[in-house]
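[1] Need coordinates for the following:
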Amino acid sequence: MPVTTASGDPLATQMAADVSDRLGDGLAKIENIRLLVSDAAKAPADFVVHGELQKGEQAWTIRARMTETRTREVKWTASYSVSLTDNPDLQLQQSRLAAGVGHALALRINELLNANTRSAAATGGSSAGRNKVVIEQATAYINQTSPERFRAAQAILEEALADDADDIDIQVALAAHLMRGIQMVWLSPAERDAAESKAEKVLQQALRTTPSYIPAHEAYCRLLNATNQFRASLVACARALSFDPWNGIALYHIGLAQIQSGRFEDALATFKQADRFDTPQVSRWTWMIGAGWANLMLGRAADAVPWLLKSIAITAASGRTHMLLAAAYQQLGRFDEARAAMDKGRELRPGSTLLNVPPPTKNASPIYLEASQRIMQSMVAAGLPQS
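    Numbers count the residues shown, from 1 in each chain. The predicted model follows:
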């Protein structure tokens, strides 16, 4: 149903109409549902989605709910706000309002469509509820990313999987978590090989059981990217987007694959698209570092700096962002700032050298390797040890 507004303000009325269009366009891309857009009071559909947009002094707020037509049971509700001052661009506000509810709605629809398959694989309702809490605990541990929090979260997930080996959500959460450790270079070579093997095994099992389940596709997309299977990663990430067009995590990994393939302009556009959606917000630091990295690969150090600073302001603990910032400052001739950023990066990533900071180069394009070498030289000039 069209998004409504109680306000007589022409701007609010137009805003509601534009958000409706964007939300409908996104939902129409989901491959395993059929979308009806109707002004009628009763739509011939299994579920009906209503939304209302309000304009406050500081923000736009959209509230939405999905009701099952047959039972009139409310199956989903959500509320999402976009600041009027932080995001003055109207089109950006529209994009984030639609994405904010669209992403949550896509996940809920996907959850409902896979409910029978997932419950058949689980050991019981109480176990499923307990495991949901476990996943939330593990996620909370790593919202402020650090190696220590990563290992604490991994221990939580490993213990849960040992207790319930068939729980698909625990399988997916652990695999996605291991991929994060690989991409952040927090694992030794032996640990990395074991993590890749375990993640691949549990994800293949999850995808056989639930072939349309978003979290499984999202994690598989990450796995293929982290193991430098870039062409396959692009396909897997596109599959995730076919069930959730606003999935910023899938967009981020598409951007990474495009960078390694030497498609820097495409990567920058992909990271900017993820930023326009800004979903899920917990991952926003990733596409910001991606946009900064893509700008650096394109030789645009001045454009890279704001993106990298915003990423650090959200999550400062990765260290890699500081090192990219150091390279950008070095290229701009801001040598003191470059040295300070590199010192901070080395503090966060002890033992970093020219040999272990760059991502693995397997399957990377010659264009990527050449541009990456220029960035690494800037890092060395800013204080990164060569060995």
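[2] Walk me through the domains of this protein.
    Per automatic domain parsing, the domain ranges recorded for the chain read 10-113, 124-227, 244-387.
[3] Just the C-alpha atoms of the helix or strand harbouring His322, please, in CSV.
    Following DSSP states H and E, one finds His322 within helix 320-331. Only the C-alpha atoms of helix 320-331 are listed here, as CSV (Å, rounded to 0.1, in the frame of the first residue of the first chain):
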residue,chain,number,x,y,z
ARG,A,320,43.9,-1.0,8.4
THR,A,321,41.9,2.2,8.0
HIS,A,322,44.6,4.3,9.8
MET,A,323,47.2,2.8,7.4
LEU,A,324,45.2,3.8,4.4
LEU,A,325,44.7,7.2,5.9
ALA,A,326,48.5,7.5,6.4
ALA,A,327,49.0,6.7,2.7
ALA,A,328,46.5,9.3,1.7
TYR,A,329,48.1,12.0,3.9
GLN,A,330,51.6,11.0,2.6
GLN,A,331,50.4,11.5,-1.0
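[4] closest one to Pro2 among the domains of the chain?
    domain 10-113 (4.7 Å; Cβ to Cβ). The C-beta positions use only the backbone N, C-alpha and C, and glycine is treated the same way.
[5] Looking at the closest one now, give me its mean pLDDT.
    Confidence over domain 10-113 (mean pLDDT, whole number) is 92.
[6] now do stretch 312-332
    pLDDT averaged over stretch 312-332 gives 93.
[7] one step back: for the domains of the chain, give me JSON lines that also has distance to Ser233 and mean neighbour count.
    JSON lines is the format used below for these (distance: least, Cβ to Cβ, whole Å; neighbours: other Cβ atoms under 10 Å):
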{"stretch": "domain 10-113", "distance to Ser233": "19", "mean neighbour count": "17"}
{"stretch": "domain 124-227", "distance to Ser233": "4", "mean neighbour count": "19"}
{"stretch": "domain 244-387", "distance to Ser233": "5", "mean neighbour count": "20"}
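[8] Could you verify that Leu241 is part of a helix?
    Yes - assignment of Leu241 by DSSP: H, G, I helix; E, B strand; the rest coil places it within a helix.
[9] count of residues packed around it?
    Per other Cβ atoms under 10 Å, the neighbour tally for Leu241 reads 21.
[10] Offset the numbering so it begins at 13, please.
    Got it, first residue is 13 now, which makes that one Leu253.
[11] Now it. Nearest residue, chain neighbours left out?
    In space, and not counting its chain neighbours, Leu253 is closest to Ala262: 5.2 Å by Cβ to Cβ, 6 or more residues apart in numbering.
[12] Next: Trp72.
    Val94 (5.0 Å).
[13] Tyr232 versus the residue nearest to Leu253, what's the distance?
    Plainly put, Ala262 is 10 Å away from Tyr232 if you go by Cβ to Cβ, to the nearest Å.
[14] How about residues contacting the helix or strand that contains Ala76?
    Assigned by DSSP H and E, Ala76 belongs to strand 71-80. With contact meaning Cβ atoms under 8 Å, 6 or more residues apart in numbering, strand 71-80 is reached by 15, 27, 31, 58-66, 85-96, 105, 109, 112-113, 117, 120-121.
[15] residue closest to the middle of the chain?
    With distances taken as Cα atoms, centre = their mean, Ile261 lies nearest the centre of the chain, 2.2 Å away.
[16] looking only at pLDDT, what's the mean for the strand or helix carrying it?
    Element membership for Ile261, per DSSP H and E: helix 260-272. Across helix 260-272, the average pLDDT comes to 96.
[17] Convert that helix to CSV, retaining C-alpha atoms only.
    Presented in CSV, the C-alpha positions along helix 260-272 are these (Å, rounded to 0.1, in the frame of the first residue of the first chain):
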residue,chain,number,x,y,z
GLY,A,260,24.9,-3.4,2.2
ILE,A,261,27.1,-6.3,3.2
ALA,A,262,26.7,-7.9,-0.2
LEU,A,263,27.3,-4.6,-1.9
TYR,A,264,30.5,-4.2,0.2
HIS,A,265,31.8,-7.5,-1.0
ILE,A,266,30.9,-6.8,-4.6
GLY,A,267,33.0,-3.6,-4.2
LEU,A,268,35.9,-5.6,-2.8
ALA,A,269,35.8,-8.0,-5.7
GLN,A,270,35.6,-5.1,-8.2
ILE,A,271,38.7,-3.5,-6.6
GLN,A,272,40.8,-6.7,-6.8
